[in-house]
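[1] got a sequence here, can you model it:
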Amino acid sequence: MTKHDASLISALVAAAVIWLWTQNPSVAQAPATREAPSKTGPLPSGNVNSFANLNPLPGAPAGPAPRLPDGRVDFSGVWRPADIFLIEDISLGLKAGETVSLTPGAEKIMNARLSKDDPEANCLPTGVPRLAPYPWRIVETPTHLFFLFEGNIHSYRQIFMDGREHPKDPDPTWYGHSVGRKEGDTLIVDTVGFNDKFWFDFVGHPHTEQLHTVERYSRTGFGTLVEEVTIYDPGAYTRPFTITGSHRLLLNDELMEYVCQENEKDLKHLSGPATRP
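    Below is the predicted model of the structure:
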């Protein structure tokens, strides 16, 4: 059995368990260990049926962060999310002392959302900062930086590193218009020009076209990438907030082709309000 065969089997098992959970959620509830604002009440910090728990990662490869010939940190490599904050519920990864404070209109939208309507479940892009629970690759060039995603529609983000500014009136898109820069050992990605179609997570946190994100990436060791993303959206939230997530380097791994629409059988089994798997 190849590595990719094993990954595919794990993904199918995860999908099957998630389907069972939608039929009888009570059997999959883990003890609540951390409270977070949610329309469904306090949520555990890690559901037993989450992708991360069903597909545990190996330990992070040891060693210092590698550097490019000019001395800057090299962010390239194949990474996989190491926690659930940017996948299942952004409120679980909040910076200490912060809260997710929705406007009344945004709260109404969130409370009305159903799992079957999640764009990610319908094979559409995840947007920013949401991630699918699958590997993704960072590719650096002198003028651009690319995030290549294995999950969902085999999509990518293009980040301009040549000093340009955002267009004055960008066309709204799923991943927006991103410009990046390095500040010391930190990669900073500033993005505007989003559409309002994607959800931030499985529980349905919304946003508007006023969304502005600032991501800060730090490679704290050879095998660990820490992402801190600040959300600015006065159309949906009364104040900005920051989420922190981490990613694990997958040594000697490659992205595999995964087309969400191909042989898709899960959506018809989703029912009820938007919630974590």
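[2] other residues contacting stretch 132-147?
    11, 51-52, 55, 68, 74-81, 87, 120, 126, 148-152, 156-162, 180, 187, 189, 250, 253, 255, 258 (Cβ atoms under 8 Å, 6 or more residues apart in numbering). Glycine gets a C-beta too; all of them are placed from N, C-alpha and C.
[3] send me that stretch as PDB with only the CA atoms.
    Output of stretch 132-147 as PDB, limited to C-alpha atoms (Å, rounded to 0.1, in the frame of the first residue of the first chain):
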ATOM      1  CA  ALA A 132      -9.300  22.000   4.400                       C
ATOM      2  CA  PRO A 133      -7.700  19.300   6.600                       C
ATOM      3  CA  TYR A 134      -5.300  18.200   3.800                       C
ATOM      4  CA  PRO A 135      -1.700  19.000   2.900                       C
ATOM      5  CA  TRP A 136      -0.800  22.200   1.100                       C
ATOM      6  CA  ARG A 137       2.500  23.500  -0.300                       C
ATOM      7  CA  ILE A 138       4.300  26.800  -0.100                       C
ATOM      8  CA  VAL A 139       6.300  27.700  -3.200                       C
ATOM      9  CA  GLU A 140       8.500  30.800  -3.200                       C
ATOM     10  CA  THR A 141       9.900  32.800  -6.200                       C
ATOM     11  CA  PRO A 142      11.600  36.200  -6.300                       C
ATOM     12  CA  THR A 143       8.400  37.900  -7.200                       C
ATOM     13  CA  HIS A 144       5.500  35.600  -6.100                       C
ATOM     14  CA  LEU A 145       4.600  33.200  -3.400                       C
ATOM     15  CA  PHE A 146       2.100  30.500  -4.000                       C
ATOM     16  CA  PHE A 147      -0.100  28.300  -1.600                       C
END
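[4] can you start the count at 538 instead of 1 from here on
    Sure, I'll start numbering at 538, so the last one becomes stretch 669-684.
[5] which parts of it are buried?
    For stretch 669-684, the neighbour count (16 or more other Cβ atoms under 10 Å) marks 669, 670, 671, 672, 673, 674, 675, 677, 682, 684 as buried.
[6] likewise stretch 654-673?
    655-658, 661-673.
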